[in-house]
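*Asks:* quick one, fold the following:
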Amino acid sequence: MGHFVHPQGICESCSVGNGTKVWAFAHVMPGAIIGEDCNISDHVFVENDVVLGDRVTVKCGVQLWDGLRVGSDVFIGPNATFTNDLFPKSRQRPSHFVRTTLEEGCSIGANAEF
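*Replies:* Numbers count the residues shown, from 1 in each chain. As a prediction, the model looks like this:
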């Protein structure tokens, strides 16, 4: 069955489950792991150290940064904002990124910040 990538989408990951759709102007980095039957909407960015379970919906304008773990059957609303560095500094990477976990079945509203 495989997965679908819109002609204007970029999916560099080899770990994308069957039935997943990556829409226009979305970018999935090579190290990301995406489950089955997910919907990655327009203008979504998925960094390398991100894991999405099955049947996850990520609405438009969301960036998923390194360290994010998302359980199955999760909804992430449009323009939700995630961060992975508690004390960001210009041009200085932390020794490790903060891990954020969204439990199975949770729902994140539009414009929520984490």
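*Asks:* and residue 21, how far is that from residue 62?
*Replies:* 15 Å (C-beta to C-beta, to the nearest Å). Bear in mind the C-beta positions are built from the backbone N, C-alpha and C, glycine included.
*Asks:* higher neighbour count, those two?
*Replies:* More crowded of residue 21 and residue 62, by other C-beta atoms under 10 Å: residue 62, with 23 against 16.
*Asks:* wait, isn't the more buried one in contact with residue 80?
*Replies:* Yes: here residue 62 reaches residue 80: they are 5.2 Å apart, a contact under C-beta atoms under 8 Å.
*Asks:* shared neighbours of the two, anything?
*Replies:* Common contacts of residue 62 and residue 80 (C-beta atoms under 8 Å, 6 or more residues apart in numbering): none found.
*Asks:* number of residues surrounding the residue nearest to residue 110 when sequence neighbours are not counted?
*Replies:* Nearest non-adjacent residue to residue 110, counting by C-beta to C-beta, 6 or more residues apart in numbering: residue 77, 3.9 Å away. For residue 77, the neighbour count with other C-beta under 10 Å is 17.
*Asks:* give the contact list for residue 77.
*Replies:* If you count contacts by C-beta under 8 Å, 6+ apart, residue 77 has them with 59, 107-112.
*Asks:* and those residues as TSV, adding neighbour count and pLDDT?
*Replies:* Shown next, in TSV, are the contacts of residue 77 (neighbours: other C-beta atoms under 10 Å; pLDDT from 0 to 100):
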residue	neighbour count	pLDDT
59	19	98
107	12	97
108	20	96
109	10	93
110	13	94
111	11	93
112	15	91
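*Asks:* and those, which two are furthest apart?
*Replies:* Using C-beta to C-beta, these reach their maximum pairwise distance at 107 and 111, which is 13.6 Å.
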